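Undergrad: Quick one, fold the following:
(3 chains)
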Amino acid sequence: MALERSDVEKIAHLASLGLNDADLPQTTAALNRILGLVDQMQAVNTDGIEPLAHPLEASQRLRADVVTERNHREAYQSIAPAVENGLYLVPKVID
Amino acid sequence: MHQLTLAEIARGLADKKFSSEELTKTLLARIAALDPKVNSFISLTEELALSQAKAADARRANGENGALLGAPIAHKDLFCTQGIRTSCGSKMLDNFKAPYDATVVSRLAAAGAVTLGKTNMDEFAMGSANESSYYGAVKNPWNLEHVPGGSSGGSAAAVAARFLPAATATDTGGSIRQPAAFTNLTGLKPTYGRVSRWGMIAYASSLDQGGPLARTAEDCAILLQGMAGFDKQDSTSIDEPVPDYSASLNTSLKGLRIGVPKEYFSAGLDPRIAELVHNSIKELEKLGAVIKEISLPNNQHAIPAYYVIAPAEASSNLSRFDGVRFGYRCENPKDLTDLYKRSRGEGFGAEVQRRIMVGAYALSAGYYDAYYLKAQKIRRLIKNDFMAAFEEVDVILGPTTPNPAWKIGAKTGDPIAEYLEDLYTITANLAGLPGLSMPAGFVDGLPVGVQLLAPYFQEGRLLNVAHQYQLNTDWHTRTPTGF
Amino acid sequence: MQWEVVIGLEIHTQLATQSKIFSGSATTFGSEPNTQASLVDLGMPGVLPVLNEEAVRMAVMFGLAIDAEIGQHNVFARKNYFYPDLPKGYQISQMELPIVGKGYLDIPLEDGTIKRVGVTRAHLEEDAGKSLHEEFPGATGIDLNRAGTPLLEIVSEPDMRSAKEAVAYVKTIHALVRYLGICDGNMAEGSLRCDCNVSIRPKGQVEFGTRCEIKNVNSFRFIEKAINTEVRRQIELIEDGGKVIQQTRLYDPNKDETRAMRSKEEANDYRYFPDPDLLPVVIEDSFLNEVRATLPELPQQKRERFQAQFGLSVYDASVLASSREQANYFEKVLSIAGDAKLAANWVMVELGSLLNKQGLEIDEAPVSAEQLGGMLLRIKDNTISGKIAKTVFEAMAAGEGSADEIIEKRGLKQVTDSGAISAVLDEMLAANAEQVEQYRAADEAKRGKMFGFFVGQAMKASKGKANPQQVNELLKSKLEG
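TA: Numbering: from 1, shown residues only, chains lettered A, B, ... in the order given. The predicted structure follows:
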């Protein structure tokens, strides 16, 4: 099933990517070629096969509940695009 | 001095034939003179390098020793380096001075390695040609019109051009092994979990693994020794002791069972490369190895599965680049959505955006089972193939790539053509296995690599086979003209 | 049309760990903005999460307490969406395999009955930061101190049928998590937050109506008001021929109305998938047993024990068991005084209203359990009457010492000598001769009320110290005689 331009716009919105209108046809074509390659998977019989999320199939290690971090706000905010009074600033958010 | 390997440098420093400071200055001068032709570095860290070199010399003067003490290296520019730009080859992080060191960086620094700079790479490690970098394409020292491979193309080109003996790199679908093959180097992707991912900017978390790029297996052993080991800050790091990799290099190959998958020699493979692979097999047979044909029946399904799993993880991993806390932020965003869409639309290059979209699509409602889960099932089939094969053989051998390095621009605009070049390398990432590429000859003056795969945690075995091979061949000693 | 209300709740409880769920940052409330935001909490490139053992232990405790199946192989997943207080662009949560599976809670209702409410699941996740909208013109400030605080999200079945039941359920959860010591329950600070899923359907209909989710209602009172308001809105909407649209809404307590959230207008596609930075959490039987051994007696068990052992009503037992501190206080009083009904009444009524008036918690009570128990003993042995006891109680609250000391110092000891009481009564009756005449002339029906007058006068004359029972008996014989 090939993606339409509108599908690509939807996906771009989901991924918060601002696409140029001019690039849309090319992007749509490229995505369709990639999905065409990916769709070859559908021919593989995977009945009864458990998905593998992690190669080693180990289990999660747990950390002791200890505070190990100190305040580095100044250093961390020195690389931020916009801060004021210790807060990161973004355009007004409306709930 | 620029021809010295890590092992030779360690001996030279121990014997006081030269100091780390002299060596560092020599190499920095060489990079300044020649790198404009190659574009292998995004940032040079001269000041840091000289202070580290002096400190290493002082430690040696105090009687300290160590294979990496005073050894010049460089880091792929996705390893975070505190206070130093860590760009990931992207406009998105052009202004990003990492506020901390990656575990790999701090371990190597503690071992006394000298960081000359940060190497160029495909943007966010997405690519096999190093053409997608915001800092421009990297050129292959063996032929400046050709790509060096990717995504660790900068690390590979820098080592191949004799700017330094070794560099760190990462491999998500072949990004260490493929550039190693394209530039006549030895490169090792360790077992998933062997090298800490803390501070290594993620492309696809369940596939990414850091490892060494160097000219020889012996040097890979030295650099890997400094990189590997358990890290409590990485939940996927494996708490297993790290063996002495250099100690295993000289084990005899007598009786070693080498499996050669018949699926590797299909239509897609350049017959000249096939011939070089067969030559390497003969060489190893001479050293006592026993060759066995094996089958990896699901090998061909790896590319489609990989191009679902890697983009799916990437689409999520790259969501943090939103112009709020670090990195690129668009000019005058008119609202929050605009801030996100323009910062990301302007900050990411085309290939990164494509992969993010493929990943978002594969995970979206209604497609998750058909794409993501299906790919994870194929992933298990691929792992099962390897587990069965390793019941019969000790290592698996084949070509690293189906073709030698292509011309810069030859595959531009056709992502699929580039994806298909990953045919032999991505299975090791899907299964989490260690894999190594070593020089095995030339086609049209361009290097060709042979890939070795081994069971989990058998990096030592891979290095052993490659080292024995390199004791009896001289491909790895060849230097590109002009370097 | 008769409507039935259907309510399901999602309760977010902040777990009382020292450090965050995936980083070593402190979880202290109210610190300077972004001073408790580490590299991991900020979602810096290259950082990785490592799971806090205590968060796992607390989630397991909760699961055991509601008799739920524990997910011994549970998995963290990423919930992907963009929001400025969500630094990574995804929230680490649990989707398909949560740590706590199906369980239930028995909630005591005001009418003394018990209702069983199903808990669908409870899962671990990280909290988001806070968006501050007021501070800057045209901009929102982001504080990520809260980002990464461990949350246990408890999802109920749509089993509740009124706002009152919903509140009773939240109170039961609130009591339980505080009993377990896994959440401080401070709703004002957001330690326990509630999303209410509300729908209505015609009485008798099996299918559910379309529901609306009211986000982040953070007090018992507002939960009740928000639900009732939303129910009214839905009924009006449908009765006016409209249709309820599934949406996320906010409750505005000032206007007592709910409104649709703009930021949630578009349907989200969260693209959940297992977090590749974290491995499956495996909970061994030994760990389960270890946690089980540390479980305290739970509110429900305590309530049942109070009913069975002390013969208390469901209501009294559940009020007394509603917090560990209150239950401990009650049991201490009881162990001294030995009369459960009496102890229950005093703890719930007199102590309760005192604490309420002074705005104190029971562990700050100005009258200790020992003091109260000692006083109840004096009621039981007739040293003081219940009425005098109130005076003694107030004096204890004012710090005047033990009941015995106060009784002694103030001469409050009850008079039980029938001769002395008789003398007081004679004097009083003589002074009220007219009323005595009226009483004797009145019929049986009127006498009851008039008798009360004489009792009151008698108690007044004895300064409250005459034994009321004796007063009753003697008075009766004197008036009838």
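Undergrad: ok, which residues in chain A are in contact with chain C?
TA: Contacts of chain A with chain C, taken as CB under 8 Å from any CB of the partner chain, map to A:14, A:16, A:53-54, A:58-69, A:71-73, A:76-77, A:84-95. Glycine gets a C-beta too; all of them are placed from N, C-alpha and C.
Undergrad: Drop anything exposed from those residues.
TA: Buried by 16 or more other CB atoms under 10 Å in any protein chain shown: A:14, A:16, A:53-54, A:58, A:60-63, A:65, A:67, A:69, A:71-73, A:76-77, A:86-91, A:93, out of those.
Undergrad: Show only the entries of those found in helices.
TA: A:14, A:73, A:76-77 (DSSP state H).
Undergrad: So for the biggest helix by length in chain C, mean pLDDT?
TA: Ordering each helix of chain C by length in residues (DSSP H) puts helix C:220-239 first. Helix C:220-239 carries an average pLDDT of 96.
Undergrad: before we move on, back to that, farthest-separated two in the ones in helices among the buried ones among the residues of chain A next to chain C?
TA: Using CB to CB, the two most remote members of these are A:14 and A:73, lying 32.3 Å apart.
Undergrad: Where does pLDDT dip in chain A?
TA: A:1 (pLDDT under 70).
Undergrad: 90 instead, please
TA: A:1-2, A:20-21, A:23, A:56-57, A:93-95 (pLDDT under 90).
Undergrad: From residue C:181, how far out is the spatially most distant residue from the centre of it?
TA: Computed with CA atoms, centre = their mean, the residue of chain A farthest from its C-alpha average is residue A:66, at 30.5 Å. In this view, residue A:66 and residue C:181 are 18 Å apart by CB to CB, to the nearest Å.
Undergrad: Also residue C:277?
TA: Residue C:277 is 30 Å from residue C:181, by CB to CB.
Undergrad: repeat for residue B:208
TA: Note on residue B:208: its distance to residue C:181, by CB to CB, is 40 Å.
Undergrad: got a list of what residue 67 touches?
TA: In the absence of a named chain, this looks at chain A. For residue A:67, the contact set (CB atoms under 8 Å, 6 or more residues apart in numbering or on different chains) comprises C:18-19, C:24-26.
Undergrad: looking at chain B here, not the other one
TA: Residues near residue B:67 by CB under 8 Å, 6+ apart: B:6-7, B:10, B:222, B:225-226, B:246.
Undergrad: Kindly present these as TSV, with separate columns for pLDDT.
TA: Output for the contacts of residue B:67, formatted as TSV (pLDDT from 0 to 100):
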residue	pLDDT
B:6	98
B:7	98
B:10	97
B:222	98
B:225	98
B:226	98
B:246	97
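Undergrad: Quick check, the residue in chain A closest to chain B?
TA: With CB to the nearest CB as the measure, residue A:55 is the residue of chain A nearest to chain B, at 2.4 Å.
Undergrad: Leaving out sequence neighbours, find the closest residue to that residue.
TA: residue B:432 (2.4 Å; CB to CB, 6 or more residues apart in numbering or on different chains).
Undergrad: Could you report the neighbour count for the one you found?
TA: Here the number of neighbours of residue B:432 (other CB atoms under 10 Å in any protein chain shown) works out to 26.
Undergrad: so who does it touch?
TA: Taking CB under 8 Å, 6+ apart as the test, what residue B:432 contacts is A:54-56, B:191-193, B:383, B:456.
Undergrad: returning to what we had before: when residue B:208 and residue C:181 are compared, which one has more neighbours?
TA: Shown here are residue B:208 and residue C:181; by other CB under 10 Å, residue B:208 has more neighbours (27 against 13).
Undergrad: ok, the more buried one touching residue B:170?
TA: Yes - contact criterion CB atoms under 8 Å: residue B:208 and residue B:170 qualify, at 5.9 Å.
Undergrad: joint contacts of the two?
TA: Applying CB under 8 Å, 6+ apart, one finds that residue B:208 and residue B:170 are jointly contacted by B:125, B:200.
Undergrad: Which residue lies nearest the spatial centre of chain A?
TA: Note on chain A: the residue nearest the mean C-alpha position is residue A:15, at 6.6 Å, using CA atoms, centre = their mean.
Undergrad: can you give me the helices for the stretch 201-350 of chain C?
TA: For the stretch 201-350 of chain C, the helices defined by DSSP state H, counting those that start in this stretch cover C:220-239, C:285-294, C:299-310, C:314-320, C:324-337, C:340-345.
Undergrad: Ok, which of the ones you listed comes nearest chain A?
TA: helix C:285-294 (9.8 Å).
Undergrad: Do that closest one and chain A come into contact?
TA: No - contact between helix C:285-294 and chain A is absent, the nearest approach being 9.8 Å (criterion: CB under 8 Å from any CB).
Undergrad: Show residues contacting that helix.
TA: Residues from elsewhere that reach helix C:285-294 (CB under 8 Å, 6+ apart): C:57, C:60-61, C:64, C:70, C:72.
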